[in-house]
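Visitor: Provided below for reference: sequence and predicted model.
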Amino acid sequence: MHDILPEDQAFFQKVYAVAANIAGFYGFQRIDTPLVEEAELFSKGIGLSTDIVEKQMYVFRSKGGDYLALRPEFTAGIVRAYIEHGMFNLPQPLKFYSLGPLFRLERPQAGRFRQFHQVDLEVFGEQSSVIDAQIIQIFYNILKELKFKNLIVEINSIGDSQCRPYYKKLLVSYFRSRESSLCSDCRRRLRYNPLRILDCKEEKCQPVKSQAPQLVDHLCEECKSHFKEVLEFLDEVELPYRLNPYLVRGLDYYTKTVFEIMEDNEEGQKIGSLVGGGRFDALVKLLGGKDTPACGAALGAERVVQVIKERSKKETVRSEQLPKVFLAQLGDLAKRKSLKMFEEFRKAKIPISESLAKDSLKTQLRAADKAGADYTLILGQREALEETIIIRDMKNSRQETVKSEKAVREIQKRLKK
């Protein structure tokens, strides 16, 4: 788990602000679910044989005897809220977005954290393929707004309860005859979750995987038609995509469309998945609600921030927030007056910094210079008594004394110039 230090906060806030703004434009409303839920919600919703439930969930018994879990993803909790609050009685579709921390007991590796943050979008009560395409388009737009280039959508269809059982039988039959060539994880997956073998990254499994039957060749007519429509919508809005027959995602609740958005760098190498999601038409019913089609996806904030940071070493987001004004004070009376002046600048929405704990003017001017302030306001004992203030231009060291009540207006005029 990691700290988000002050120098990184601006990057995370930028990601959240862009996501919230675009989500709001498309009619998504914010929903916040608890960090802690009943563990059964996730084991039932995500799937007992998934890596998340088997290996990565933080689970514990409460003093009251409840079996609880820190949320490893957003969707199951939002579905629970949708059912619990009777939202199926509202006009559909309903669109929600959420952002915040999630928890998974991940293997320690660069860029992966056990407490991490996501931006999540979900749509309930709409079975049309246009929603799949719109979710993809929204996340594509968020990444574009954050200055990502060369984005590519990897997409697949994993069918539904009509066509997937037959495909699973084909897959099990194929892998069983080649079981000795699979890694230990995939040999276990063969018994419990054969689709996950297609998602294996182990080098040993790649040759076997590449010859496996592809689900897209065994879709029922409804799934085939749905997938074709999604691709046509993506063509219509000119979003670049490529079919990936091995993309299955790591959660059991997905049906039909699954996708990831990544960035190809100049050498054609992938940085990794920035966004992932798909349809989950059976999940609401599985968790006790009415039969409700749904679709959603999530963006990994840490991974996105990591890329933005690397690209903005010369021009950081933080520099946009730096105060242009510094307030220096000398003496107890000036200190007291400074607090009131700070409030006036806050109301006028002018960022201002200070070193109220320091008494030396030389030290405070050095701090103003280090902070990159354009102007320093100097309030000494004499100025405090006469209700005046000195405005010092930090570029040319020129000073002017004005009435303290006019300080905000004077600074506003100078900053505009």
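Guide: Arrived safely.
Visitor: switch to C-alpha atoms for all contacts and neighbour counts from now on
Guide: OK.
Visitor: helices or strands up against the longest helix along the chain?
Guide: If you go by DSSP state H, the chain has its longest helix at helix 6-25. Helix 6-25 sits against strand 94-103, strand 115-124, helix 129-145, helix 301-311, with contacts defined as 3 or more CA pairs under 8 Å, 6 or more residues apart in numbering; DSSP states H and E.
Visitor: which phi and psi does the nearest residue to residue 335 once chain neighbours are set aside have?
Guide: Leaving aside its sequence neighbours, residue 335 sits nearest to residue 329 (CA to CA, 6 or more residues apart in numbering; 6.1 Å). Residue 329 adopts backbone torsions of phi -140, psi 160, taken as degrees, to the nearest 10.
Visitor: One more: residue 193?
Guide: phi -150, psi 70.
Visitor: wait, isn't it in contact with residue 51?
Guide: No. The criterion here is CA atoms under 8 Å, and residue 193 misses it with residue 51 at 10.1 Å.
Visitor: re earlier: so who does the residue nearest to residue 335 touch?
Guide: 335, 338, 356, 359, 361, 378-380 (CA atoms under 8 Å, 6 or more residues apart in numbering).
Visitor: Would you state the strands of the stretch 201-350 of the chain in chain order?
Guide: Here the stretch 201-350 of the chain has its strands, by DSSP state E, counting those that start in this stretch, at 241-243, 255-264, 270-279, 294-300, 325-329.
Visitor: Which strands or helices does the first one pack on?
Guide: It stands for strand 241-243. Helices and strands touching strand 241-243, by 3+ CA pairs under 8 Å, 6+ apart, are strand 151-157.
Visitor: Please list the outside residues in contact with the next helix or strand after the strand it packs on.
Guide: As assigned by DSSP states H and E, the chain's next helix or strand after strand 151-157 is helix 164-176. With CA under 8 Å, 6+ apart as the test, helix 164-176 has contacts from 158, 190, 194-195, 208, 212-213, 215, 218-219.
Visitor: and if you look at stretch 21-32?
Guide: 78, 94-99, 121, 138, 141-142.
Visitor: redo that, cut-off 10 Å
Guide: Stretch 21-32 is contacted by residues 17-20, 74, 77-78, 81, 94-100, 120-123, 134-135, 138-139, 141-142, 145 when judged by CA atoms under 10 Å, 6 or more residues apart in numbering.
Visitor: Give me the buried subset of those residues.
Guide: Neighbour-count burial (16 or more other CA atoms under 10 Å) applied to the contacts of stretch 21-32 gives 18-20, 74, 77-78, 81, 94-100, 120-123, 134-135, 138-139, 141-142.
Visitor: what's the next secondary structure element after the lowest-mean-pLDDT helix or strand in the chain?
Guide: Across the helices and strands of the chain, the lowest-confidence element by mean pLDDT, DSSP states H and E is helix 51, at a mean of 70. Downstream of helix 51, the first helix or strand assigned by DSSP H and E is strand 59-61.
Visitor: Which neighbouring elements make contact with that next one?
Guide: The helices and strands touching strand 59-61, judged by 3 or more CA pairs under 10 Å, 6 or more residues apart in numbering; DSSP states H and E, are strand 36-38, helix 39-46, strand 67-70.
Visitor: ok, and what's touching the first one?
Guide: Strand 36-38 is contacted from outside by 58-61, 66-72, 76-77, 80, 102, using CA under 10 Å, 6+ apart.
Visitor: model confidence over that strand, on average?
Guide: Across strand 36-38, pLDDT averages out at 96.
Visitor: That strand: which residues count as buried?
Guide: 37-38.
Visitor: Residue 253 reaches residue 79, doesn't it?
Guide: No. Using CA atoms under 10 Å as the test, residue 253 is too far from residue 79 to be in contact (11.6 Å).
Visitor: Residue 123 - nearest residue in space that isn't next to it in sequence?
Guide: Nearest to residue 123 is residue 95, by CA to CA, 6+ apart, at 4.5 Å.
Visitor: these two touch, right, the one you found and residue 134?
Guide: No. Residue 95 is beyond contact range of residue 134, at 11.7 Å (criterion: CA under 10 Å).
Visitor: ok, and for stretch 362-372, which residues are buried?
Guide: Neighbour-count burial for stretch 362-372 [16+ other CA under 10 Å]: 364-365, 367-369, 371-372.
Visitor: ugh, wrong one, I meant stretch 232-248
Guide: Buried-residue list, stretch 232-248, by 16+ other CA under 10 Å: 233-234, 239, 241, 244-248.
Visitor: Now tabulate the residues you listed in JSON lines and tack on pLDDT and distance to residue 281.
Guide: As requested, the buried residues of stretch 232-248 are exported to JSON lines (pLDDT from 0 to 100; distance: CA to CA, whole Å):
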{"residue": "233", "pLDDT": "96", "distance to residue 281": "20"}
{"residue": "234", "pLDDT": "95", "distance to residue 281": "21"}
{"residue": "239", "pLDDT": "95", "distance to residue 281": "24"}
{"residue": "241", "pLDDT": "95", "distance to residue 281": "23"}
{"residue": "244", "pLDDT": "91", "distance to residue 281": "21"}
{"residue": "245", "pLDDT": "87", "distance to residue 281": "20"}
{"residue": "246", "pLDDT": "84", "distance to residue 281": "21"}
{"residue": "247", "pLDDT": "88", "distance to residue 281": "18"}
{"residue": "248", "pLDDT": "84", "distance to residue 281": "15"}
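Visitor: As CSV, these with distance to residue 26 would be great.
Guide: Output for these, formatted as CSV (distance: CA to CA, whole Å):
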residue, distance to residue 26
233, 17
234, 17
239, 18
241, 22
244, 28
245, 30
246, 31
247, 27
248, 27
